[in-house]
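Engineer: structure of the sequence below:
(4 chains)
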2 protein chains.
Amino acid sequence: MSGVSIGEAARVSGVKVPTIRYYEQVGLLIEPPRTEGNRRVYDQACLQRLTFIRHARELGFEVDAIRTLLDLQDNPGQSCSPADSIARQRLQDVVERIERLKALQTELERMIVGCSHGTIAKCRVIEVLTDHGQCEHPTH
Amino acid sequence: MSGVSIGEAARVSGVKVPTIRYYEQVGLLIEPPRTEGNRRVYDQACLQRLTFIRHARELGFEVDAIRTLLDLQDNPGQSCSPADSIARQRLQDVVERIERLKALQTELERMIVGCSHGTIAKCRVIEVLTDHGQCEHPTH
DNA sequence: CTACAATCTCTAGTCACTAGAGGAGCAAGT
DNA sequence: ACTTGCTCCTCTAGTGACTAGAGATTGTAG
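Structural biologist: I've put the predicted structure just below:
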């Protein structure tokens, strides 16, 4: 017992049905056993794995990184430093992205606040986009 | 005079050569005139348009939004409120993304700090990913 | 028995490029 | 004139992580 259909697996894990099939296709999930009628049957371990994947994806880990993390999870005796470094790499990524987005936020706000809501001819939004010299952030 | 090659246009605008051709293909740029030897020739207006596109892309506007912004720029008599609302939409997007990334940052930091650098069996990174209940942020 | 939902496989589409093949044009040096 | 090497041309296919849809089959509730 305790085998569930793909639909049920989707409901439980929060991963959509086609996405589950996709994960199987790209090798994140091993091919599950089938019923006589050729339907996939998922057991508890598989469901956990799915939840793991969903969670990791939500944290922005790439599928490739997740593959490595899953490999590590499957071999609990190893050093966890690869997992640690993947997570650190991801954190650095996130921090950098936040920085860049904050710069964008500033610039967008300047554009919008400066707009006097008249015609395009005097639109600050268009103007800033046209003339890059008006940017305060030299990052781009 | 004043017509430049695609390579020169790329250098001036900061948009790569294949990307320029791509923009032409998807209709952001009109097809430029050609030399006898079939090479594209860009004039000043085209270069400005390219810079406009690059800048807008750097601010994260989608190609579709840029199409609209370019249309607006071409008709300067109109109200600028569509441009304004595209920019506001984009700003909201950015702000939301920052929020989400900050939550991720927190969670990644908790994962990493909690890791005692032993084996996978005790790895906090893997543990948190496996057991979603350990998340503080209920957003996912 | 008959709807209807859920599942199956397969292909193609998304976005904004990027990479590469295979060929032609062009400018400078020998 | 010739060669070297750069730029340019078109075209197709690949990226990541799915998503959408067609068309067929299976399972289930009334």
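Engineer: just checking, what packs against the lengthiest helix in chain A?
Structural biologist: The longest helix of chain A (DSSP state H) is helix A:81-114. For helix A:81-114, the packing partners by 3 or more C-beta pairs under 8 Å, 6 or more residues apart in numbering or on different chains; DSSP states H and E come out as helix A:63-74, helix A:124-130, helix B:81-114, helix B:124-130. Every C-beta, even on glycine, is put in place using the N, C-alpha and C of the backbone.
Engineer: TSV please, covering those and showing mean pLDDT.
Structural biologist: Below are the helices and strands packed on helix A:81-114 laid out as TSV (pLDDT from 0 to 100):
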stretch	mean pLDDT
helix A:63-74	93
helix A:124-130	88
helix B:81-114	90
helix B:124-130	89
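Engineer: and those helices: which comes nearest DNA strand C?
Structural biologist: helix B:81-114 (11.4 Å; C-beta to the nearest atom of the strand).
Engineer: residues near residue A:23, how many?
Structural biologist: Number of residues near residue A:23 (other C-beta atoms under 10 Å in any protein chain shown) recorded here: 19.
Engineer: list the contacts for the residue nearest to it when sequence neighbours are not counted?
Structural biologist: Nearest in space to residue A:23, with sequence neighbours left out and distances taken as C-beta to C-beta, 6 or more residues apart in numbering or on different chains, is residue A:29 at 4.9 Å. Contacts for residue A:29 (C-beta atoms under 8 Å, 6 or more residues apart in numbering or on different chains) come out as A:20, A:23, A:46, A:49, A:50, A:53.
Engineer: cool, residue A:78 as well?
Structural biologist: Contact analysis of residue A:78 by C-beta under 8 Å, 6+ apart lists A:72, B:119, B:120.
Engineer: now name the helix or strand holding the residue of chain A found nearest DNA strand C.
Structural biologist: The nearest approach of chain A to DNA strand C comes at residue A:7, 2.4 Å away (C-beta to the nearest atom of the strand). Here residue A:7 sits within helix A:6-13, counting by DSSP states H and E.
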